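*Asks:* Sequence and predicted structure are below.
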Amino acid sequence: MKEFIVSARKYRPSTFKTVVGQHAITATLKNAIKNNQIAHAYLFCGPRGVGKTTCARIFAKTINCQSITADFEPCNECESCLAFNENRSYNIHELDAASNNSVDDIRTLIDQVRIPPQLGKYSVYIIDEVHMLSSSAFNAFLKTLEEPPKHALFILATTEKHKIIPTILSRCQIFDFNRINNSDISGYLKYVARQEDVEIEETGINVIAHKADGAMRDALSIFDQIVSFSGKKISYQDVIGNLNVLDYEYYFKITDCFLKGDIPELLNLFNEIIEKGFDGHHFITGLSSHFRDLMVCKDPKTIKLLEVGAEIKDKYSVQANACEADFLIKGIDIASECDLSYKASQNKRLLVELTLIKIAQLTEKKKTLKIGM
């Protein structure tokens with residue numbers, strides 16, 4: 001039986017040009033190699049799953065490559081690159097600071113740093129989750145970090161930059177990694193799906209990208225989960241069913257009910273959502289997001305902020321034209337009040353139902369005002 005490798009590992013970038021969503025950082029690192037301006041210490045910080053450790057590994061591989069390409073990428077053919085790709089390189093050392101955070105661990109590292117590389121120019125030490133080092137371990141590390149041997153290079157990675165002491169920050173070049181936007185995640189998921197011969201609807205890919213919240217690793221893990229559930233042919237309904245995501249259609253129907261002032265149908269739709277196992281809080285935050293998406297659809301300058309597929313985007317445009325901006329702003333305000341009050345409420349269902357009635361009455365007041373005039 002063929003060994004299964006999760007997509008996050010199988011499709012992990014191996015060159016700078018294959019890194020998704022971090023162009024500014026990869027361009028800076030390549031220029032540093034090009035101009036021979038390689039610092040002795042770097043700090044890569046940003047949210048989980050955005051490519052910090054991946055970029056550290058590619059950088060470490062490239063600076064030790066014996067035949068760097070014309071665009072300053074690793075050749076993936078020399079002995080140094082092959083050793084790295086096969087996880088047998090003695091030039092690149094990875095340390096998890098979450099489980100090696102004591103002074104003794106750092107002293108062991110300092111002793112190891114003195115040993116020059118067997119192959120290539122640099123010994124690279126990648127320290128992940130560096131914010132987990134104890135205060136005394138940080139202090140023990142300071143001198144070595146500031147004046148390491150010529151062959152040693154440190155790349156520190158963290159999701160919590162604010163926990164790093166200033167004396168460490170001042171000794172590093174700091175790179176802030178961005179959350180990966182939904183369009184970049186969707187594009188990469190389409191590539192992975194093609195490689196794996198998986199058919200998946202574009203609306204389903206957009207839901208995965210949205211659920212990943214800017215983390216490519218999370219997106220690939222979700223993709224694997226859904227392939228396990230649905231096989232090689234994945235529909236939008238398969239995705240929302242597996243991820244327990246509320247269908248867009250419910251929010252379109254509910255907004256139509258608001259515009260008509262149809263309170264009985266509103267309450268029936270909400271009951272249907274509850275019976276499907278969705279939480280009222282999840283529903284109300286989704287309603288706020290739906291109103292926000294309708295708001296950005298009302299102006300051509302902001303429509304680019306809508307992160308959904310082309311088919312759904314058309315639906316948003318049609319419904320946005322039917323909604324007045326004043327209604328959407330007040331609706332978001334009322335839904336946000338419900339969101340803030342939800343946890344403290346003793347009768348959560350009634351709270352959401354009252355919220356829906358209040359929003360529906362916004363259009364009723366508008367109609368009454370027009371009749372009176």
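*Replies:* Cool, got the structure.
*Asks:* make it CA atoms for all contacts and neighbour counts henceforth
*Replies:* Will do.
*Asks:* Okay, domains of this protein per the record?
*Replies:* 7-176, 182-243, 248-364 (automatic domain parsing).
*Asks:* Strands along the protein, start to end?
*Replies:* 41-45, 92-96, 123-128, 152-158, 173-176, 199-200, 233-234 (DSSP state E).
*Asks:* Export those strands to CSV and append columns for distance to residue 266, mean neighbour count and mean pLDDT.
*Replies:* Formatted as CSV, those follow (distance: least, Cα to Cα, whole Å; neighbours: other Cα atoms under 10 Å; pLDDT from 0 to 100):
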stretch, distance to residue 266, mean neighbour count, mean pLDDT
strand 41-45, 45, 23, 90
strand 92-96, 52, 16, 84
strand 123-128, 50, 24, 88
strand 152-158, 46, 24, 89
strand 173-176, 45, 16, 90
strand 199-200, 32, 18, 88
strand 233-234, 31, 16, 87
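*Asks:* Now tabulate these in CSV and tack on distance to residue 56.
*Replies:* Listed next are the strands of the chain as CSV, based on distance: least, Cα to Cα, whole Å:
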stretch, distance to residue 56
strand 41-45, 8
strand 92-96, 10
strand 123-128, 7
strand 152-158, 7
strand 173-176, 11
strand 199-200, 32
strand 233-234, 34
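*Asks:* Listing request: residues of this structure with sub-threshold pLDDT.
*Replies:* For the chain, applying pLDDT under 70 flags the ranges 1-2, 309-310, 364-373.
*Asks:* mind running it again at 80?
*Replies:* Counting by pLDDT under 80, the ranges of the chain that qualify are 1-4, 89, 100-101, 118-120, 244-245, 300, 303-314, 363-373.
*Asks:* I figured residue 140 was touching residue 105, is that so?
*Replies:* No - using Cα atoms under 8 Å, residue 140 makes no contact with residue 105, being 10.1 Å away.
*Asks:* mind listing the helices for the stretch 1-150 of the chain?
*Replies:* 7-10, 23-34, 52-64, 79-85, 103-113, 135-146 (DSSP state H, counting those that start in this stretch).
*Asks:* Between those helices, which one is closest to residue 41.
*Replies:* helix 135-146 (6.8 Å; Cα to Cα).
*Asks:* So what touches the closest one?
*Replies:* For helix 135-146, the external contacting residues (Cα atoms under 8 Å, 6 or more residues apart in numbering) are 40-41, 101-104, 106-107, 110, 154, 165, 167-168, 171.
*Asks:* filter these to the buried ones?
*Replies:* Buried subset of the contacts of helix 135-146 (neighbour count, 16 or more other Cα atoms under 10 Å): 40-41, 101-103, 106, 110, 154, 168, 171.
*Asks:* got the helices of the stretch 1-150 of the chain as a markdown table, with distance to residue 94 columns?
*Replies:* Shown next, in a markdown table, are the helices of the stretch 1-150 of the chain (distance: least, Cα to Cα, whole Å):
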| stretch | distance to residue 94 |
| --- | --- |
| helix 7-10 | 16 |
| helix 23-34 | 19 |
| helix 52-64 | 9 |
| helix 79-85 | 12 |
| helix 103-113 | 11 |
| helix 135-146 | 16 |
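*Asks:* Helices along the stretch 201-350 of the chain, start to end?
*Replies:* Going by DSSP H, counting those that start in this stretch, the stretch 201-350 of the chain shows helices at 202-212, 216-230, 236-243, 248-260, 263-275, 280-297, 310-322, 325-341, 348-372.
*Asks:* quick one on the thing from earlier: quick one, which of the helices of the stretch 1-150 of the chain gets closest to residue 292.
*Replies:* helix 23-34 (29.0 Å).
*Asks:* that older thread, please identify the most buried of the helices of the stretch 1-150 of the chain.
*Replies:* helix 52-64 (a mean of 23; mean count of other Cα atoms under 10 Å).
*Asks:* Any chance you could give me it in PDB, C-alpha atoms only?
*Replies:* Only the C-alpha atoms of helix 52-64 are listed here, as PDB (Å, rounded to 0.1, in the frame of the first residue of the first chain):
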ATOM      1  CA  LYS A  52       8.100  31.000   8.600                       C
ATOM      2  CA  THR A  53       9.900  27.700   9.000                       C
ATOM      3  CA  THR A  54       9.600  26.900   5.300                       C
ATOM      4  CA  CYS A  55      11.300  30.100   4.300                       C
ATOM      5  CA  ALA A  56      14.000  29.500   7.000                       C
ATOM      6  CA  ARG A  57      14.700  26.000   5.500                       C
ATOM      7  CA  ILE A  58      14.800  27.300   1.900                       C
ATOM      8  CA  PHE A  59      17.100  30.200   2.900                       C
ATOM      9  CA  ALA A  60      19.400  27.700   4.800                       C
ATOM     10  CA  LYS A  61      19.400  25.400   1.800                       C
ATOM     11  CA  THR A  62      20.100  28.200  -0.700                       C
ATOM     12  CA  ILE A  63      23.100  29.800   1.100                       C
ATOM     13  CA  ASN A  64      24.800  26.400   1.300                       C
END
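*Asks:* What lies in contact with that helix?
*Replies:* 12-16, 19, 26, 29, 33, 44-46, 68, 72-74, 80-81, 84, 92, 120-122, 124, 126, 128, 155, 157, 177.
*Asks:* From the helices of the stretch 201-350 of the chain, pick the one with the highest average neighbour count.
*Replies:* The most buried one of the helices of the stretch 201-350 of the chain (mean count of other Cα under 10 Å) is helix 202-212, showing a mean of 22.
*Asks:* How many neighbouring residues does the closest residue to residue 198 other than its chain neighbours have?
*Replies:* In space, and not counting its chain neighbours, residue 198 is closest to residue 232: 4.5 Å by Cα to Cα, 6 or more residues apart in numbering. Residue 232 has 14 neighbours, counted by other Cα atoms under 10 Å.
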